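Peer 1: got a predicted model here, sequence first, then my questions.
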Amino acid sequence: MNRAERLGGILEHLAERGSVDVEDLVEALGVSPATVRRDLQTLHEQRLLERTHGGAVAINGLYELPLRYRGSLNREQKLRIARAAVAHVSDNATVALTGGTTTTEVGRMLVQLQELTVVTNAINIAAELAVRPNIRLIVSGGVARAASYELVGPLADDTLAQLNVELAFVGVDGISSGAGLTTHREVEARTNRMLIDRASRVIVVADGSKVGATALARIHDLARVDVLITTREADADELRAIAAAGVSVETV
């Protein structure tokens, strides 16, 4: 396990429990106590947690794992999802992407297609696609969110309101039959809702850990979703309930 994976693992434990201790992390990560303490100090200096005697606690009550540490988690699952997602895209299409680690992988695979128009509010996705001659890139304005690299707020909403796209790939922090699509921050939810409303078809891309989960802010109802692409690890009962709501479910 490399350093980025360790830091991501620590933050994932923190997101689930609200606090962590050195002994538990040593067992979970398979590294020495000294390594865990150094990693905790690194995250403390980045203001991602608060050190305590023997461990750490989340700084905020509602904890969101920063994108730079999410990228190394479940990457093989995200790649499988991305491959399935790109199969829905034809050459010359107009495609939209929200921010997120899974949509980032979708964006990377879109470059194999010809003459696409891609709309995104994610800075990191835009940076990778801007140099591709076969991609016509449209980036929304807005205020950048450090945790997700997304441009959000009224400027982003106003830009997206002027556009029409054939297909939107949407990343979420939770998707469930009861709560629909959700994310951690309400301002991000509003911008993603606008992007969904401008799309003819909507495909949610989310690994199995997101299925059945509910985050703070509602993005949209399941009625607006055409396809969910997720992994075989997803809760089977929840997938059946989502399919019963009219969503086509693909597991990879």
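Peer 2: That came through, no problem.
Peer 1: can you give the domain ranges for the chain?
Peer 2: According to automatic domain parsing, the chain is divided into the following domains: 3-66, 74-251.
Peer 1: winner for burial among those domains?
Peer 2: Most buried of the domains of the chain, by mean neighbour count (mean count of other CB atoms under 10 Å): domain 74-251, with a mean of 19. The way it works is simple: take the backbone N, C-alpha and C, and place the C-beta from them, glycine included.
Peer 1: for the stretch 1-150 of the chain, what spans make up the strands?
Peer 2: With strands called from DSSP state E, counting those that start in this stretch, the stretch 1-150 of the chain shows them at 19-21, 50-52, 55-57, 94-97, 116-120, 135-139, 143-145, 150-152.
Peer 1: I'd like the ones you listed as TSV, with mean pLDDT and distance to Ala245 appended.
Peer 2: TSV is the format used below for these (pLDDT from 0 to 100; distance: least, CB to CB, whole Å):
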stretch	mean pLDDT	distance to Ala245
strand 19-21	85	36
strand 50-52	89	40
strand 55-57	89	37
strand 94-97	98	22
strand 116-120	98	27
strand 135-139	97	31
strand 143-145	89	29
strand 150-152	94	26
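Peer 1: among the ones you listed, which comes closest to Val211?
Peer 2: Comparison of the strands of the stretch 1-150 of the chain against Val211 by CB to CB identifies strand 94-97 as nearest, at 20.2 Å.
Peer 1: mind listing the strands the closest one pairs with, and their directions?
Peer 2: strand 116-120 (parallel), strand 165-170 (parallel) (DSSP bridges).
Peer 1: let me know the pLDDT of the closest residue to Leu25 other than its chain neighbours.
Peer 2: Using CB to CB, 6 or more residues apart in numbering and skipping residues adjacent in sequence, the residue nearest Leu25 is Val36, 4.6 Å away. Listed pLDDT for Val36 reads 94.
Peer 1: against Val187, how distant is Val36?
Peer 2: Distance of Val36 to Val187, given as CB to CB, to the nearest Å: 34 Å.
Peer 1: go on, Gly174?
Peer 2: 17 Å.
Peer 1: before we move on, what about Val95?
Peer 2: Separation of Val95 from Val187 (CB to CB): 23 Å.
Peer 1: Val152 now?
Peer 2: Val152 is 5 Å from Val187, by CB to CB.
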